[in-house]
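Visitor: Below are the sequence and a predicted model; questions follow.
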Amino acid sequence: MTNPAQPLIDTPAIESSGAVNPVLTDVQLQRVARHGHCRPVREGEVLMHSGDQTTRIFVVITGQLTVTRTKDQLGAASGDSADDKEVIIVFGPGQFNGEVTILSGRRGFVEIVATKAGQVIELEREQLLDLVQTDSELSEIMMRAFILRRVELISHRFGDVVLVGSSHTSETLRIKEFLTRNSHPFTSIDLDAHPDVQDVLDRFHVTIADTPVVICRGESVLRNPSNQEIATCLGFNDAIDDSQVRDLLVIGAGPAGLAAAVYAASEGLDVLVIEPNSPGGQAGSTSKIENYLGFPTGISGQELAGRAYAQTQKFGAEILIAQGASKLLCDRMPYVVETDAGTRVSARAVVIATGAEYRRLPLENISRLDGFGVYYSATAVEAQLCRDSEVIIVGGGNSAGQAAVYLSQTADHVHVLVRSDSLAASMSRYLIRRIEETPNITLHTRTEIIGFEGKDHLERVQWRDNSTGKTDEKAISNVFVMTGATPNSGWLNGCIALDEHGFIKTGPALTVEDLRVARWPQGRAPYLLETSLPGVFATGDVRSGSVKRVASAVGDGSISVSFVHQVLAQQGAVAGRG
Ligand SMILES: Cc1cc2nc3c(=O)[nH]c(=O)nc-3n(C[C@H](O)[C@H](O)[C@H](O)COP(=O)(O)OP(=O)(O)OC[C@H]3O[C@@H](n4cnc5c(N)ncnc54)[C@H](O)[C@@H]3O)c2cc1C
């Protein structure tokens, strides 16, 4: 326990003013009080312990609350003395605690203690969600503060996770990406830059071969953990009740799934999203999206995904992280979806938004170099790795064009390799122009990679100009493969009609024969975006005939919800919060 006699207040690490820590007016406090309940707090009273599930926030009327974290997250049991605590932020009258964990109900990593006696308004998560959904002024103030505080925590590297690994291994990159894209703050120790870090590993009896290592909450040491193990340790899914029959299950949290979740939850439906990695999908790993309406200077995929994720949570949709759908049980109603962790969840309607996977180059052993010089997305993480070096991008679509323009800012030279004789048929004109105008990008048409060299990391690449037959070889150690994708529909195991490439057929694309085979039972035709299974919809890239764009995925997701309402009304079973 914190010693109340010991002064806790040193200099707070996060500036306690402005948008990060706004002061509510008396009128605003009265509006907050209508949603929660007022109660006294004693000096020294601990309102939340580190590791507790975040289920409530406190708004200070009088007195003072102080938020601290344990200083040494690398240590195992760090003791209870106030000396071990670092003050993160202090709240006085009119101010409130909380950051994005309150929206997800995840476990927090800070302690909140009353450092001056007084009165607070206590708001349970549901009461807070009611408040932000009904009071737009307070919603803006609070959501902005929650998000900015999370950004501050990340930038100060506060958090309860330490990642120890070489930044050149694909597994370290995977874990970094998982934590970053789930907005979970962490500290990273690069074994290449800090060989002496073995001392820290020795402390936990871990050999280099076990890396990367994740030290979770200063307690568990996870050796090369899966995303699922990390999510379990951090309690990402602790707040989710999987026994509840939902109005809507959304499978996949890319732009299509997040849009469906936002619209459905904001319209009162009880929504659960299932996502094997992190919210954002392909868009989340895109360095910059320049053609999304309303962002004239572009927006990074991660930023867009982060905002959309916060929005889903604001409206009360829940997200089961690090579990992918592995089976649809379509012979029963409500439908049941089983995940690869064995969780079973059920719902009256389902929106499938599982997107598509990158295609690999048809070269033997290429997968052994995945993440070791061969990459499928070009984000800031990969850009760092190929700073001042020559890189190759394979592919002639928009994603290849964007990666070329983006990487040309840091790489010494970018080679774009396409098998066709121009980019005109596959890439937006604005990107073609950018490529032509960028001096350190060279386009090689009718060219393909024919060989790789490299033991633990890509070292050399051979390519052939198919118009002349001439081959070339260069010492290049970073190749970005952006050659299209195959749909993530394998888990549907025959429940739903697919096209010849495995994309899901919907609405008018379903033939009479498809419906006959599926034993379509309704006295109506399938709705737009409805699959051959009534009440199951397909949206975004996984849908047959979809336009592979963020905006169209978002459009699909939002449109599907109006049909979900119709299906639920026919079942007479809307169980939303209203
Ligand atoms: C590098 C790159 C750059 C791009 N740039 C642009 C651009 O600038 N502008 C533009 O408009 N478009 C761009 N695109 C295309 C755009 O990102 C996609 O069209 C869009 O992300 C599709 O959204 P989606 O939600 O349908 O699928 P995805 O974004 O693929 O999301 C699918 C989600 O489903 C999850 N999932 C997969 N399988 C399962 C399962 N079994 N169970 C549960 N969940 C599952 C995945 O983990 C993922 O999160 C780009 C794509 C790439 C790859």
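Guide: Yes, it's here.
Visitor: Report the spatially nearest residue to the residue in the stretch 401-550 of the chain that the ligand sits nearest to, omitting neighbours in sequence.
Guide: Among the residues of the stretch 401-550 of the chain, residue 540 lies closest to the ligand, at 2.1 Å counting by CB to the nearest ligand atom. In this view, the C-beta of every residue, glycine as well, is placed from N, C-alpha and C. Spatial nearest neighbour of residue 540, chain neighbours left out: residue 256 (2.8 Å); criterion: CB to CB, 6 or more residues apart in numbering.
Visitor: how near is the one you found to residue 165?
Guide: Distance from residue 256 to residue 165, counting by CB to CB, to the nearest Å: 33 Å.
Visitor: Neighbour count: these two, which is higher?
Guide: Each of residue 256 and residue 165 has its neighbours counted (other CB atoms under 10 Å); residue 256 has more, 34 against 25.
Visitor: Wasn't that one part of a helix?
Guide: Yes: assessed by DSSP: H, G, I helix; E, B strand; the rest coil, residue 256 belongs to a helix.
Visitor: Helices of the stretch 451-578 of the chain, start to end?
Guide: 512-517, 550-571 (DSSP state H, counting those that start in this stretch).
Visitor: the bottom helix or strand of the chain by mean pLDDT?
Guide: helix 198-203 (a mean of 67; mean pLDDT, DSSP states H and E).
Visitor: For the stretch 401-550 of the chain, list the residues in contact with the ligand, please.
Guide: On the criterion CB under 6 Å from any ligand atom, the ligand has as its neighbours in the stretch 401-550 of the chain the residues 402, 488, 491, 540, 541, 548, 549, 550.
Visitor: Among these, which ones are in strands?
Guide: Using DSSP state E, no member of those falls in strands.
Visitor: burial measure for the residue of the stretch 401-550 of the chain closest to the ligand, as a count.
Guide: 34.
Visitor: do residue 206 as well
Guide: Here the number of neighbours of residue 206 (other CB under 10 Å) works out to 18.
Visitor: How about it, nearest residue that isn't a chain neighbour?
Guide: For residue 206, ignoring the flanking residues on the chain, the nearest one in space by CB to CB, 6+ apart is residue 213 at 5.3 Å.
Visitor: do residue 168 as well
Guide: Distances taken as CB to CB, 6+ apart put residue 192 closest to residue 168, at 6.4 Å, once the chain neighbours are dropped.
Visitor: again, but for residue 160
Guide: Distances taken as CB to CB, 6+ apart put residue 109 closest to residue 160, at 3.8 Å, once the chain neighbours are dropped.
Visitor: contacting residues around that neighbour?
Guide: 50, 51, 69, 158, 159, 160, 217 (CB atoms under 8 Å, 6 or more residues apart in numbering).
Visitor: just to revisit the earlier point, correct me, but the residue nearest to residue 540 touches residue 550?
Guide: No: using CB atoms under 8 Å, residue 256 makes no contact with residue 550, being 9.1 Å away.
Visitor: And the spatially most central residue of the chain, how far from residue 420?
Guide: Nearest residue to the geometric centre of the chain (CA atoms, centre = their mean): residue 279, 2.7 Å. Relative to residue 420, residue 279 is positioned 34 Å away (CB to CB).
Visitor: Got the confidence number for the residue of the chain most remote from its centre?
Guide: The outermost residue of the chain, judged against the average C-alpha position, is residue 468 (44.8 Å), by CA atoms, centre = their mean. We note a pLDDT of 95 for residue 468 in this prediction.
Visitor: ok, now which ones touch the closest residue to the ligand within the stretch 51-200 of the chain?
Guide: Relative to the ligand, the nearest point of the stretch 51-200 of the chain is residue 181 (9.3 Å; CB to the nearest ligand atom). Residue 181 makes contact with 277, 278, 279, 280, 284, 285, 302, 305, according to CB under 8 Å, 6+ apart.
Visitor: Now do the closest residue to it other than its chain neighbours against residue 412, distance only.
Guide: Counting by CB to CB, 6+ apart, residue 181 lies nearest to residue 278, which is 3.6 Å off, once chain neighbours are set aside. Counting by CB to CB, the gap from residue 278 to residue 412 is 31 Å.
Visitor: Over to residue 188?
Guide: Distance of residue 188 to residue 412, computed by CB to CB: 26 Å.
Visitor: between the two, who's got more neighbours?
Guide: The neighbour comparison of residue 188 against residue 412 (other CB under 10 Å) goes to residue 188, with 17 against 12.
Visitor: which residue sits closest to the more buried one, ignoring its sequence neighbours?
Guide: residue 163 (4.6 Å).
Visitor: name the helices or strands packed onto the strand or helix carrying the one you found?
Guide: Using DSSP states H and E, residue 163 sits within strand 161-165. Counting contacts by 3 or more CB pairs under 8 Å, 6 or more residues apart in numbering; DSSP states H and E, strand 161-165 packs against helix 170-181, strand 187-190, strand 213-216.
Visitor: What pairs with that strand, parallel or antiparallel?
Guide: Taking DSSP bridges as the criterion, strand 161-165 sits next to strand 187-190 (parallel), strand 213-216 (antiparallel) in its sheet.
Visitor: Among the ones you listed, show the one with the smallest mean pLDDT.
Guide: strand 187-190 (a mean of 83).
Visitor: In contact with the closest residue to the ligand within the stretch 301-450 of the chain, which residues?
Guide: The minimum distance from the stretch 301-450 of the chain to the ligand, using CB to the nearest ligand atom, falls at residue 355 (2.1 Å). With contacts defined as CB under 8 Å, 6+ apart, residue 355 is in contact with 252, 254, 256, 281, 282, 485, 487, 488, 540, 541, 542, 553.
Visitor: What sits closest to it if chain neighbours are left out?
Guide: residue 541 (4.5 Å).
Visitor: got a list of what that neighbour touches?
Guide: Contacts for residue 541 (CB under 8 Å, 6+ apart) come out as 254, 256, 282, 355, 356, 485, 487, 548, 553.
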